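**Q** Kindly return the folded structure for what I paste below:
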Amino acid sequence: MEFELIAKTFMGLEPILAQELTELGANDVQVGRRMVSFKGDKELMYRANFQLHTAIRVLKPIIHFKARSADDVYNAVLKVDWSQYLDTNQTFAVDSVVFSEEFRHSKFVAYKVKDAIVDQFKERTGNRPNISVANPDIRLHIHIAEDDGTLSLDSSGESLHRRGYRQESGEAPLNEVLAAGMILMTGWRGETDFIDPMCGSGTLLIEAALIARNISPGVFRKSYAFEKWKDFDADLFDMIYNDDSKEREFNHHIYGYDIDMKCVNTARLNVRAAGLTSIITVNQADIKDFTQPAEKSIMVTNPPYGERISTPNLLDTYRTIGEKLKHAFIGNEAWILSYREECFEQIGLRPSIKIPVYNGSLECEFRKYTIFEGKLREFRSDGGVVKTDEERAAMSEKHRFKKNREFKQRLDEEAENEEGDIRTFTFHHHKIEGFGRKEDRDSERRPRRDGERGKRFDRDRDRDRDGDRGRRFDRDRDRGKRFDRDRGKHFDGDRGKRYDRDRGNHSDRKRNDRRRDDDD
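**A** Numbers count the residues shown, from 1 in each chain. Sure thing, here's the model as predicted:
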């Protein structure tokens, strides 16, 4: 039997989530604001939680009602037979999201829902279920937009971006759902090598590996909220959990680099916890030492932009990125997420598409750069494509960005900002209707000395320790599959070195084993 479901996501990722749901077999897929509604059965609900890369949580609506007053909320909740969902020996919690002139405080709405549920149980049984904010058995979600109310069961529990592989975080880690959405936006599914030259804690690298291998991101999680529901079908979910028939081989490689050795060690730790050391390499290297990759590659990166991470010489960093793209990434595509218009300007290249994406509360842009040698006319005459028809259509849409963006316009005050240091740089508020197109330019660059060369990382090819958190299985087995490729040539310090890559099969996982491990 099919029923209504809602998948929540970040602003800007709704079309990607809708595509994922359609490929999963969902019906009546409708894109909304930070959500996608759809219809499906119990199996689809389990699969949505387990397999979607860009969903934050999956909700199952119980009732829709008009919420013009607190009494309306209370009475609507009281009409539900809560004995179908909850027992007095269980705990519950209520999350609330409210956009309404009538209700100024979302917690007040949550209290009214709680009161109605508790009063019903006390009237019928004399007992009541307790509240547990930290770890409830049943989690409810109420959403009110003006006077339209929806009360739902939360089938996910902890946010789905918490995959379970992250052992440590960097200073400002990229959200896993946003990282996966960025990669899916590029259209990359593992056809080439993947490079992040400023990888931080390695989130983009790991999410790229999951997408390339078509591994469900839910394999690392210990539990879902629906496992505590009265109608939970353990056999059905075991079947979904242990089905790896759609996973695929990945015959390329994923490279991550960062100038900060602490970030490199954190990324290596997270990659090892995910069991992906055979296809991901992380090394210490400065972006200014980046060299032309030996193989066809895509670059996806999230450089610092001075909001949460104070970075000396911020604009100079973006200037270096642009220089390296033009001279050391020819024939490839680069996708860059950033916030400040001043930063994008320093890249000095015209993007083929700009996609508005929210990174937390920041309205950022995800820009694509197609790097080619020679003149644009010659590139197109040889069959090269800078902007696809889909990208042209997307760029022509009106109101893709806020009417008044919060980007700041950099003023030409060289005396004040001669070093381009974020610690002394002055940003001025300037409201603009949109973004003006800038001509391609090859601005003069200050000559640079080569910095410390990238150091090759001797990857641990042994089995991951049993004690690693969030592990369900050992990916790096099946040692007979080896091949050599002349790789690792993106940075000067890596030239001429070869290594073997172990491509293992991680399918040896059973939920029964997982449960025993959790009990130990």
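**Q** what about residue 30, distance to residue 14?
**A** To residue 14, residue 30 is 10 Å away according to CB to CB, to the nearest Å. Every residue, glycine included, has its C-beta placed from N, CA and C.
**Q** go on, residue 117?
**A** Note on residue 117: its distance to residue 14, by CB to CB, is 31 Å.
**Q** So for these two, which sits in the more crowded spot?
**A** residue 117 (23 against 20; other CB atoms under 10 Å).
**Q** helices or strands next to the helix or strand where residue 358 lies in the packing?
**A** Take DSSP states H and E as the rule and residue 358 turns out to sit in strand 353-359. Using 3 or more CB pairs under 8 Å, 6 or more residues apart in numbering; DSSP states H and E, the elements in contact with strand 353-359 are helix 176-186, strand 362-370, helix 389-396.
**Q** Residue 154 - nearest residue in space that isn't next to it in sequence?
**A** Spatial nearest neighbour of residue 154, excluding adjacent residues (CB to CB, 6 or more residues apart in numbering): residue 139 at 4.1 Å.
**Q** ok, now which ones touch that neighbour?
**A** Taking CB atoms under 8 Å, 6 or more residues apart in numbering, we find residue 139 in contact with 92, 93, 94, 95, 153, 154, 157, 225.
**Q** run the last query once more with 10 Å
**A** Going by CB atoms under 10 Å, 6 or more residues apart in numbering, residue 139 touches 57, 59, 91-95, 132-133, 152-158, 225, 228.
**Q** Same check on residue 330?
**A** By CB under 10 Å, 6+ apart, residue 330 lies in contact with 292, 293, 371, 372, 373, 374.
**Q** Please determine how far it is located from residue 232.
**A** 54 Å.
**Q** same question, residue 59
**A** 17 Å.
**Q** Could you count how many residues lie near the closest residue to residue 61 other than its chain neighbours?
**A** Ranked by CB to CB, 6+ apart and with sequence neighbours excluded, the top spatial neighbour of residue 61 is residue 152, at 4.6 Å. Neighbourhood size, residue 152 [other CB under 10 Å]: 22.
**Q** In this structure residue 152 contacts residue 6, no?
**A** Yes. At 6.7 Å, residue 152 counts as touching residue 6 under the criterion of CB atoms under 10 Å.
**Q** which residues do the two both contact?
**A** Common contacts of residue 152 and residue 6, defined by CB under 10 Å, 6+ apart, comprise 57, 58, 59, 60, 61, 141, 143.
**Q** which of the residues you listed lies closest to residue 282?
**A** residue 57 (30.1 Å; CB to CB).
**Q** gap between the closest one and residue 242?
**A** Applying CB to CB, the value for residue 57 to residue 242 is 23 Å.
**Q** Between these two, which is the more surrounded one?
**A** Shown here are residue 57 and residue 242; by other CB under 10 Å, residue 57 has more neighbours (24 against 16).
**Q** what's near enough to touch the nearest residue to the more buried one once chain neighbours are set aside?
**A** Closest residue to residue 57 apart from its sequence neighbours, by CB to CB, 6+ apart: residue 156 at 3.9 Å. Going by CB under 10 Å, 6+ apart, residue 156 touches 7-8, 45, 48-49, 55-59, 139, 141, 162, 218, 221, 224-226.
**Q** switch the cut-off to 8 Å
**A** Residue 156 touches 49, 55, 56, 57, 58, 224, 225, 226, counting by CB under 8 Å, 6+ apart.
**Q** re earlier: let's see if you can find the most crowded of the shared contacts of residue 152 and residue 6.
**A** Most surrounded of those: other CB under 10 Å gives residue 58, at 29 neighbours.
**Q** which residues of the stretch 201-350 of the chain score low on pLDDT?
**A** Low-confidence segments of the stretch 201-350 of the chain (pLDDT under 70): 306-312.
**Q** Show the residue spans covered by the strands in it.
**A** Under the criterion DSSP state E, counting those that start in this stretch, the stretch 201-350 of the chain contains strands at 254-258, 280-284, 297-301, 333-338.
**Q** closest one to residue 206 among those strands?
**A** Nearest to residue 206 among those is strand 280-284 (7.2 Å), distances taken as CB to CB.
**Q** That closest one vs strand 254-258, what angle?
**A** 20 degrees (axes from the mean of the first three to the mean of the last three CA atoms, to 10 degrees).
**Q** Tell me which strands strand 280-284 pairs with, and in which orientation.
**A** Sheet neighbours of strand 280-284, with direction, are listed as strand 254-258 (parallel) (DSSP bridges).
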